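*Asks:* From the sequence below, what's the structure:
(chains A and B)
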Amino acid sequence: MPLSREDVEHIALLARLHLTAEEKERFREQLSNILDHISKLQELDTSQVQPMSSVVVEQSRLREDVPGLAMPREDLLSNAPDVAGDQFRVPPILDTSP
Amino acid sequence: MNELHTLSVGRAQKGLRSGAFSSRELTAAYLKRIEKLNPRLNAFLHVAAEGALKAAAAADKKLSKARKTKTKLPALTGLPIAVKDVLTVANMPATAGSKILEKFVPSYNATAVQRLLDAGVVILGKTNTDEFAMGSSTENSAYGVGRNPWDEERVPGGSSGGSAAAVAAGLAPVALGTDTGGSVRQPAALCGLTGLKTTYGRVSRYGLIAFGSSLDTVGVLAHSAQDAAIILNVMAGYDPLDATTLEGKAPKIKLNGKTSLKELQIGVPKEYFIEGVQPEVTAGVREAIAQLERLGAKIKEISLPHTEYALPVYYIIAPAEASANLARFDGVRYGLRVEDRNLIDMFSLTRGQGFGPEVKRRIMIGTYALSAGYYDAYYGQAQKVRTLIRKDFEDAFKQVDMVAAPATPNTAFRIGAHTGNPLEMYLEDVFTLPANLAGIPGVSLPVGFDSQGLPIGLQLLGPHFSEELLLQVGHVYQQAADWHTITPMTTDA
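*Replies:* As a prediction, this is how the structure comes out:
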């Protein structure tokens, strides 16, 4: 199933991925080819098959919720591109320009 | 003394303990090889020369004290090792081969790394990888293509191509890799090494920069099954920081000196011996299976009927998980930020400039497969077919102890051969993907060369937690055949 340019733009928006015009065209073609190959799965009747939801052999389990020290705050902040005090600083979320 | 870089892990351990050579001498020998050969191979992205020599000096003190007082030391004291750059080592860069993490320096160790450090290893540095481990050639690294020491115009495989090239060329005795769809076994096959992909849940994923969380495993690139077993024993076991690790003490793997494979039943799946596979690979793998038979194994043709669906299943599930995992790279907490006047545009520009083409493609596929209206047709169907692929293996392991097949359809291909066509590249992993979907372990073993002198790999796949059996069979094979001892000529000079 070939993707349209609008499809590519919609997916890129959902993924928060800025693409150049050239990338959009290349991905449109390449993703269409890949999806075409993937659609092979539709030929299998899986109406009686359960989806595989876990890879682990044993049942998953819960642990006690014990408070403890995690990573020091300064270590976590040390890799951030922009920090104010002990917080991450980001650009405005709402556009406040007049 | 100039042959230190050719020692097995076992011999290096013995030499260090007896004092035949020091950890400093051993570490310096590898650093010298790195200095000489890394400009050609681009196997290491970061060399921690100073830190490694310091750690080696500290190890030497412990070793000499232990010799005097006759006390026991941790198993790997003084042994140099390389780590794939998707695993965190405290205070060393962790780029995952991506520009988006160019300046990221984590403050903590991955659990696998921590356990190796506790056992006394010296970390030489971080090895090249396809960006976020997405690729089969190390061409998708943002820091330059990796090269194959058997032929530098060819790829080392991927995504653990840097680790594979490093071990094959004698820049490290052994290295950590990760395997999400074949990223340990495939480069091991292409570089003539023994590659161990562990059972999902055997080694903690804490500190592994996540790609596909239901598929990611930590593994080993080594010269021999014996070397791989030594490293696995240190890394494996329950970790409270990874809820999918198996609870309880991990049973230690003990390889014995047996030279016969009597009682062993090996299944040969017909779906792996198909047209389109390089004939020399098929022939080399058939010959290796014949050798296993001569060693006493019973060989039986079997079927894994859903093999042809592994690729489409994988290219829905892995990108879907990746698109969720990589959402965290948004320019806020770590890595690259491309400034813009509002938050959403900052996210999009940062990700648009920080990620390379293959990562973008996979994020796009995954986002599409999970998006409203397509979820059932793609992701839902893939999860169901994944059940069928796992069941294929469960059925097979009722008849046989393990499966033997080619690790890859081709030997090392030329740099640039598939770069224009992502699907062609995906097909290079067609034989390794099923094990990740099923969560089972696998070992790839060097079993010969094609007419161009490029290594051929056999892979053995076994039931969950059958690493000991797989490595034991590898060990028996490697006592009878010497392919794993042959190293590339190009790097001997």
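
*Asks:* For the residue nearest the centre of chain A, list the residues it contacts.
*Replies:* In chain A, the centroid-proximal residue (C-alpha atoms, centre = their mean) is A:Ala15; its distance is 6.3 Å. Counting by C-beta atoms under 8 Å, 6 or more residues apart in numbering or on different chains, A:Ala15 makes contact with B:323, B:351, B:363-364, B:367. Yep, even glycine has a C-beta here, placed from its N, CA and C like the rest.

*Asks:* Centre of the chain to stretch B:343-362, how far?
*Replies:* Averaging C-alpha positions (C-alpha atoms, centre = their mean, to the nearest Å) puts stretch B:343-362 27 Å from its chain's average.

*Asks:* Kindly export stretch B:110-126 (C-alpha atoms) in PDB.
*Replies:* What follows is stretch B:110-126, C-alpha atoms only, in PDB (Å, rounded to 0.1, in the frame of the first residue of the first chain):
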ATOM      1  CA  ALA B 110      25.000  -1.000  33.300                       C
ATOM      2  CA  THR B 111      24.500  -4.000  35.500                       C
ATOM      3  CA  ALA B 112      26.400  -6.300  33.100                       C
ATOM      4  CA  VAL B 113      29.300  -3.800  33.200                       C
ATOM      5  CA  GLN B 114      29.100  -3.400  36.900                       C
ATOM      6  CA  ARG B 115      29.300  -7.200  37.500                       C
ATOM      7  CA  LEU B 116      32.400  -7.400  35.100                       C
ATOM      8  CA  LEU B 117      34.000  -4.500  37.000                       C
ATOM      9  CA  ASP B 118      33.200  -6.200  40.300                       C
ATOM     10  CA  ALA B 119      35.000  -9.300  38.900                       C
ATOM     11  CA  GLY B 120      38.000  -7.100  38.200                       C
ATOM     12  CA  VAL B 121      38.000  -6.300  34.400                       C
ATOM     13  CA  VAL B 122      39.800  -3.300  32.900                       C
ATOM     14  CA  ILE B 123      37.600  -1.500  30.300                       C
ATOM     15  CA  LEU B 124      39.600  -0.500  27.200                       C
ATOM     16  CA  GLY B 125      36.800   1.600  25.700                       C
ATOM     17  CA  LYS B 126      33.500   1.800  23.900                       C
END
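
*Asks:* Would you mind measuring from the residue nearest to the centre of chain A to B:Phe211?
*Replies:* Here the criterion is C-beta to C-beta, to the nearest Å. By it, A:Ala15 lies 16 Å from B:Phe211.

*Asks:* Pull out the buried residues from the strand or helix carrying A:Arg26.
*Replies:* Element membership for A:Arg26, per DSSP states H and E: helix A:21-38. Of all the residues in helix A:21-38, those buried under the rule 16 or more other C-beta atoms under 10 Å in any protein chain shown are A:23, A:26-28, A:30-32, A:34-35, A:38.

*Asks:* next helix or strand past the strand or helix carrying B:Arg390?
*Replies:* Assigned by DSSP H and E, B:Arg390 falls within helix B:381-399. Per DSSP H and E, the first helix or strand lying C-terminal to helix B:381-399 is strand B:402-406.

*Asks:* next structured bit after that following strand?
*Replies:* helix B:422-427.

*Asks:* From the chain's centroid, how far away is that following helix?
*Replies:* 19 Å.

*Asks:* Could you pull out the buried residues of it?
*Replies:* Under 16+ other C-beta under 10 Å, the buried positions of helix B:422-427 are B:422, B:425-427.

*Asks:* Mind putting the residues you listed into a markdown table with distance to B:Gly380 and pLDDT?
*Replies:* Shown next, in a markdown table, are these (distance: C-beta to C-beta, whole Å; pLDDT from 0 to 100):
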| residue | distance to B:Gly380 | pLDDT |
| --- | --- | --- |
| B:Pro422 | 24 | 93 |
| B:Met425 | 26 | 94 |
| B:Tyr426 | 21 | 95 |
| B:Leu427 | 25 | 94 |
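
*Asks:* near chain A too, which of these?
*Replies:* Applying C-beta under 8 Å from any C-beta of the partner chain to the buried residues of helix B:422-427, one finds that B:422, B:426 fall near chain A.

*Asks:* Going by distance to B:Tyr314, which of the buried residues of helix B:422-427 wins?
*Replies:* Minimum separation from B:Tyr314 among the buried residues of helix B:422-427 (C-beta to C-beta) is found for B:Tyr426, which lies at 8.2 Å.

*Asks:* re the thing from before, most neighbours out of the contacts of A:Ala15, which is it?
*Replies:* Highest neighbour count within the contacts of A:Ala15: B:Ile363, with 29 neighbours (other C-beta atoms under 10 Å in any protein chain shown).

*Asks:* So that one: helix, strand or coil?
*Replies:* Recorded secondary structure, B:Ile363: helix (DSSP: H, G, I helix; E, B strand; the rest coil).

*Asks:* B:Ala322 is in contact with that one, correct?
*Replies:* Yes - contact criterion C-beta atoms under 8 Å: B:Ile363 and B:Ala322 qualify, at 6.5 Å.

*Asks:* Any idea which residue of the stretch 101-250 of chain B lies closest to chain A?
*Replies:* At 3.8 Å from chain A, B:Ser107 is the closest residue in the stretch 101-250 of chain B, using C-beta to the nearest C-beta.

*Asks:* name the element that residue belongs to?
*Replies:* Using DSSP H and E, B:Ser107 sits within no helix or strand.

*Asks:* Work out for me the element the closest residue to it other than its chain neighbours sits within.
*Replies:* Spatial nearest neighbour of B:Ser107, chain neighbours left out: A:Asp75 (3.8 Å); criterion: C-beta to C-beta, 6 or more residues apart in numbering or on different chains. In the assignment (DSSP H and E), A:Asp75 maps to helix A:73-77.

*Asks:* Check what pLDDT A:Leu94 gets.
*Replies:* The model reports A:Leu94 with a pLDDT of 80.

*Asks:* B:Ala290: what's it in contact with?
*Replies:* Contacts of B:Ala290 by C-beta under 8 Å, 6+ apart: none found.

*Asks:* ok, so what distance separates it from B:His475?
*Replies:* 19 Å.

*Asks:* Now do the contacts for the residue lying closest to B:Leu16 once chain neighbours are set aside.
*Replies:* Once flanking residues are discounted, B:Leu16 sits nearest to B:Gly78: 4.5 Å by C-beta to C-beta, 6+ apart. Residues in contact with B:Gly78 (C-beta under 8 Å, 6+ apart) are B:16, B:22-23, B:26-27, B:56, B:59-60, B:62-63, B:120, B:122.

*Asks:* Please list the outside residues in contact with the helix or strand of chain A with the lowest mean pLDDT.
*Replies:* Counting by mean pLDDT, DSSP states H and E, the weakest-scoring helix or strand in chain A turns out to be helix A:73-77, with a mean of 92. Under the criterion C-beta under 8 Å, 6+ apart, residues A:83, A:86, A:88, B:107-108, B:333 lie in contact with helix A:73-77.

*Asks:* Now the buried members of those.
*Replies:* Buried among the contacts of helix A:73-77 (16+ other C-beta under 10 Å): B:108, B:333.

*Asks:* Nearest to A:Thr46 among the contacts of helix A:73-77?
*Replies:* B:Arg333 (39.5 Å).

*Asks:* element containing the residue in the stretch 301-450 of chain B that chain A sits nearest to?
*Replies:* Of all residues in the stretch 301-450 of chain B, B:Gly352 sits closest to chain A, at 3.1 Å by C-beta to the nearest C-beta. Using DSSP H and E, the element containing B:Gly352 is helix B:343-354.

*Asks:* I am finished for the moment; much appreciated.
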